[in-house]
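how does the following fold in three dimensions:
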Amino acid sequence: MRHLIFTGVAQLVEHWSPKPGVGSSSLSARAKFEKMNLVKYIIDSFDELRNKVSWISWEEAQKSTVVVAVFTVIFALAVFAVDKFFQTGLTEYFKLF
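So this is what the prediction gives:
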């Protein structure tokens with residue numbers, strides 16, 4: 001039991017993990033497997049974006065961009081107005097003292 005105290009937690013988890021394939025397997029073998037999974041994931045992601053996603057038209061994307069830009073400016077002006085209102089109000093309040 002004494003050797004468990006000085007063993008790192010990561011080694012204990014890896015050694016006693018009930019998951020298949022985890023434990024005393026080679027790190028380089030796992031790294032190659034994960035690299036292959038990453039490459040397959042990237043290829044599959046591009047394939048899905050190209051063939052399975054329905055994209056909006058270019059004109060609709062431009063219109064949506066303009067709507068977002070306009071409302072962003074309106075919201076920024078509203079935040080500025082509220083900030084200026086409170087700044088002026090607090091400045092005048094503290095001038096009373």
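
drop to CA atoms for contacts and neighbour counts, all remaining ones
Fine.

next, Trp55: phi, psi?
Backbone dihedrals for Trp55, given as degrees, to the nearest 10, come out at phi -90, psi 150.

neighbours of it, how many?
Per other CA atoms under 10 Å, the neighbour tally for Trp55 reads 10.

got it, and Leu49?
11.

just the one 5 residues further on next, same as before
Burial measure for Ser54: 8 neighbouring residues, criterion other CA under 10 Å.

and it, how far is that from Gly89?
Look at Ser54 and Gly89: by CA to CA, to the nearest Å, they are 51 Å apart.

ok, now Asp83?
Look at Asp83 and Gly89: by CA to CA, they are 10 Å apart.

then Met36?
Separation of Met36 from Gly89 (CA to CA): 62 Å.

longest helix of this protein?
Taking DSSP state H as the criterion, the chain has its longest helix at helix 58-95.

what is the rounded mean pLDDT of it?
Computed over helix 58-95, the mean pLDDT rounds to 97.

mind giving me the domain ranges of the chain?
Domain ranges of the chain: 1-54, 63-97, per automatic domain parsing.

OK, contacts around Asp44?
By CA atoms under 8 Å, 6 or more residues apart in numbering, Asp44 lies in contact with nothing.

for it, identify the helix or strand it belongs to.
Here Asp44 sits within helix 27-51, counting by DSSP states H and E.

before we move on, what about Ser54?
Per DSSP H and E, Ser54 falls between elements, in no helix or strand.

if I look at it, how far off is Leu90?
For Ser54, the distance to Leu90 (CA to CA) stands at 52 Å.
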